[in-house]
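Chemist: sequence-free structure coming up:
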């Protein structure tokens with residue numbers, strides 16, 4: 001949620017007597033159960049909900065989901081993401097393979113995905129999980145462009161990046177030291193492809 005801890009008061013027994021976090025422009029006050037009070041867990045649940053308005057709920061949800069399924073309650077990586085119930089169900093239903101993402105920035109993870117996929121296939125498409133506007137037609141056209149001899153194909157995003165990238169070979173230069181999340185990603189990637197002499201789909 002991007003929460004920032006603002007204060008914390010700890011009692012002699014180590015319990016939190018009072019703490020405050022800030023999410024956006026809102027303060028949330030918290031404390032451990034003490035002095036005869038009970039937490040929601042102590043009551044076996046709670047009918048109370050906390051609603052927080054954020055500028056981009058999809059991005060926040062995806063970030064929270066990734067953290068949840070790749071880390072345990074202490075923040076340490078799970079032994080294997082393949083053990084997660086949701087991903088295990090997807091693996092069985094859609095007949096896909098699961099791979100842990102490596103450490104590093106977005107570029108390092110994208111490069112790793114391409115290197116893994118291109119050891120098994122002539123071409124590979126990589127897309128965001130939060131791009132519902134992409135259709136099967138988009139994917140077929142992108143794959144077709146690679147099959148027609150293009151080295152790279154894109155589906156541009158409105159923010160200056162891209163929601164899909166297809167490659168016929170792994171290209172580390174496309175992902176190293178890129179200013180991810182900025183309005184220049186798409187054009188910078190195209191320029192790097194031109195510098196490398198690769199054919200890209202206009």
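Modeler: Perfect, I can see it now. This is a predicted model, so every value here is computed, not measured.

Chemist: can you report how many residues neighbour residue 107?
Modeler: When neighbours are counted by other C-beta atoms under 10 Å, residue 107 registers 15. (Glycine included, C-beta is placed from N, CA and C.)

Chemist: which strand or helix spans it?
Modeler: For residue 107, the element it lies in under DSSP states H and E is helix 106-117.

Chemist: what packs against that helix?
Modeler: Applying 3 or more C-beta pairs under 8 Å, 6 or more residues apart in numbering; DSSP states H and E, one finds that helix 106-117 makes contact with strand 124-127.

Chemist: other SSEs contacting the strand it packs on?
Modeler: helix 106-117, helix 136-147, strand 162-167.

Chemist: show me the one of those that comes nearest residue 179.
Modeler: Residue 179 lies closest to helix 106-117 among the helices and strands packed on strand 124-127, at 10.0 Å (C-beta to C-beta).

Chemist: list the buried residues of the closest one.
Modeler: Neighbour-count burial for helix 106-117, with 16 or more other C-beta atoms under 10 Å as criterion, is recorded at 110-114, 117.

Chemist: rebuild these as JSON lines, extending it with distance to residue 45 and pLDDT.
Modeler: Below are those laid out as JSON lines (distance: C-beta to C-beta, whole Å; pLDDT from 0 to 100):
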{"residue": "110", "distance to residue 45": "41", "pLDDT": "91"}
{"residue": "111", "distance to residue 45": "44", "pLDDT": "93"}
{"residue": "112", "distance to residue 45": "41", "pLDDT": "91"}
{"residue": "113", "distance to residue 45": "39", "pLDDT": "91"}
{"residue": "114", "distance to residue 45": "45", "pLDDT": "92"}
{"residue": "117", "distance to residue 45": "43", "pLDDT": "90"}
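
Chemist: got those as a markdown table, with distance to residue 58 columns?
Modeler: Below are the buried residues of helix 106-117 laid out as a markdown table (distance: C-beta to C-beta, whole Å):
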| residue | distance to residue 58 |
| --- | --- |
| 110 | 19 |
| 111 | 24 |
| 112 | 24 |
| 113 | 21 |
| 114 | 24 |
| 117 | 25 |
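
Chemist: which one of those is nearest to residue 13?
Modeler: For those, the residue nearest residue 13 by C-beta to C-beta is residue 112; the value is 45.6 Å.

Chemist: thought the closest one was touching residue 101?
Modeler: Yes. Using C-beta atoms under 8 Å, residue 112 is in contact with residue 101, at 7.0 Å.

Chemist: among the helices and strands packed on strand 124-127, which comes closest to residue 130?
Modeler: strand 162-167 (8.6 Å).

Chemist: what pairs with that closest one, and is each one parallel or antiparallel?
Modeler: Counting by DSSP bridges, the strands paired with strand 162-167 are strand 124-127 (antiparallel), strand 152-156 (antiparallel).

Chemist: can you give me the helices for the chain?
Modeler: For the chain, the helices defined by DSSP state H occupy 57-70, 85-94, 106-117, 136-147, 185-196.

Chemist: residue 124: which of those helices is closest?
Modeler: Among these, the nearest to residue 124 by C-beta to C-beta is helix 106-117 (3.8 Å).

Chemist: pull the residues that contact stretch 170-183.
Modeler: The contact list for stretch 170-183, computed with C-beta atoms under 8 Å, 6 or more residues apart in numbering, reads 105-108, 110-111, 114-115, 118, 152, 159-161, 167, 185, 188-189, 192-193, 195-196, 198.
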